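> just the structure for this:
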Amino acid sequence: SMKDACEHIGLPRPTELLLHPTSLVQGIPISREFARIPRNRNGGQRRHAHAVIIFDQPVRGPVMIGAGRFRGYGLCRPVDNEG
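Numbering: from 1, shown residues only. All right, here's what the predicted structure looks like:
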């Protein structure tokens, strides 16, 4: 899970995780426009989603999370929570 992926790279476990087909960052394509990542040799594939990850303590970003982080996917950056 995405929460496990955060812990795997040394981040605290998120308190909330919101998945969406669209990004909060303007100009980013919707998730289904990204090529899927092979899950295994049997032909399974991982789907993409944009995520809002909420922690109960500050996390410095940007960070790379998830199975696709070595392929350029999974970039997370702080979102301004002032507005």
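> packing partners of the lowest-mean-pLDDT helix or strand in the chain?
Scoring the helices and strands of the chain by mean pLDDT, DSSP states H and E places strand 45-46 at the bottom, with a mean of 70. Under the contact criterion of 3 or more CB pairs under 8 Å, 6 or more residues apart in numbering; DSSP states H and E, strand 45-46 touches strand 37-38. From N, CA and C alone the C-beta is placed, and that goes for glycine too.
> how far does the strand it packs on sit from its chain's centre?
Taking the mean of its C-alpha atoms, strand 37-38 sits 15 Å from the chain's own mean (CA atoms, centre = their mean, to the nearest Å).
> can you get me a residue count around I65?
20 (other CB atoms under 10 Å).
> give me the below-cutoff pLDDT ranges for the protein.
Residue ranges of the chain with pLDDT under 70: 40, 43, 80-83.
> beta partners for R46?
I37 (DSSP bridges).
> list the residues that contact it.
With contact set as CB atoms under 8 Å, 6 or more residues apart in numbering, R46 has these partners: R36, I37, P38, R39, A67, G68.
> that older thread, elements contacting the helix or strand following the least confident helix or strand of the chain?
Per DSSP states H and E, the first helix or strand lying C-terminal to strand 45-46 is strand 50-54. Other elements packing on strand 50-54 under the criterion 3+ CB pairs under 8 Å, 6+ apart are helix 2-8, strand 16-20.
> now the phi/psi pair for the most centrally placed residue in the chain, please.
The chain has G74 as the residue nearest its centroid, 4.6 Å off, counting by CA atoms, centre = their mean. G74 has phi and psi values of phi 80, psi 20 when expressed as degrees, to the nearest 10.
> what's the answer for S31, then?
Dihedral angles for S31 - degrees, to the nearest 10 - are phi -60, psi -30.
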